[in-house]
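K.L.:
Sequence and predicted structure are below.
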Amino acid sequence: AAQRGSILLADDEGSLHVSAVWGYADPRIRTLVFPPGAGYSNIAFHERRAVVIRDVHATAGETYQGDVLESLDQGSAIAAPLIVKDRPIGVIAVDTPRSANAFDDGDLDLLQAMASSAALAIENARLFNNTRQRLSEIQAVHTVSSALRSAQTLGQALPIILDQLMEIMGAGGATLEMVDTLTGEIV
């Protein structure tokens, strides 16, 4: 019965950020952030259990009061937490506008199974990105170390250090200030 869905990922403070959507027309949906206690997805996330909301409008405290009207147009919904190693990382939620009692326990079981697989895939992607970042950092340290061993002057070594720092940090530019030992000025 689902007509729309979303995957919300948690930040360090427990707020849920919409990370992927299906079936929504308003692009602002992708920018929504649900602070703890706002919306039925937070129930699934903070209580670490899947929930069926038979009628969103009749269930106090489970509706989100935002400015994206499409997010307020809900009849019934189900949500399941994305859990990795006993730690919730987000929620997968589906709903149907204007239709109460659209979901049953069978739908909830199916969503829970999908949420388990999705949580592992999301965590694997995060781990892969972290590993790739660490490898990039190690390569930069190796490049700097090799360059410093072969550099014969400070003028040769400093540009290499700055180039690698900019690459690691994704910066567009950098400066290095040093104290002139003769004048005591920063140059």
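P.N.:
Ah, there it is. Numbers count the residues shown, from 1 in each chain.
K.L.:
My guess is A10 contacts I89. True?
P.N.:
Yes. Between A10 and I89 there is a contact under CB atoms under 8 Å: 5.9 Å. Where you see a C-beta, it was placed from the backbone N, CA and C, and this is true even at glycine.
K.L.:
higher neighbour count, the two?
P.N.:
Taking other CB atoms under 10 Å, A10 and I89 do not tie; A10 has more neighbours (22 against 18).
K.L.:
Got phi/psi on the more buried one?
P.N.:
phi -90, psi 150 (degrees, to the nearest 10).
K.L.:
Do you know the pLDDT at it?
P.N.:
On the pLDDT scale, A10 is placed at 89.
K.L.:
Could you list everything it pairs with in the sheet?
P.N.:
Beta-bridge pairing for A10 (DSSP bridges): L16.
K.L.:
just checking, S41 touches L8?
P.N.:
Yes. S41 lies in contact with L8 (CB under 8 Å); the separation is 5.5 Å.
K.L.:
which residues are common contacts for the two?
P.N.:
Residues touching both S41 and L8 by CB atoms under 8 Å, 6 or more residues apart in numbering: L16, F34, V91, A93.
K.L.:
and of these, the nearest to I161?
P.N.:
L16 (40.4 Å; CB to CB).
K.L.:
Distance check, that closest one against L176.
P.N.:
Here the criterion is CB to CB, to the nearest Å. By it, L16 lies 41 Å from L176.
K.L.:
Give me the more crowded residue out of these two.
P.N.:
Neighbour totals were compared for L16 and L176, and L16 leads with 27 against 10 (other CB under 10 Å).
K.L.:
Quick one, grab the pLDDT at that one.
P.N.:
Residue-level confidence at L16 comes out at 86, pLDDT.
K.L.:
And stretch 41-55, end to end?
P.N.:
14 Å (CA to CA, to the nearest Å).
K.L.:
what is the mean pLDDT for it?
P.N.:
83.
K.L.:
Residues contacting that stretch, please?
P.N.:
By CB under 8 Å, 6+ apart, stretch 41-55 touches 6, 8, 10, 14, 16, 34, 36, 40, 59, 62, 75-81, 83, 88, 90-91, 93, 100-101, 103-105, 107-108, 111-112, 115.
K.L.:
Show me which residues of it are buried.
P.N.:
Neighbour-count burial for stretch 41-55 flags S41, N42, I43, A44, F45, H46, A50, V51, V52, I53 (criterion: 16 or more other CB atoms under 10 Å).
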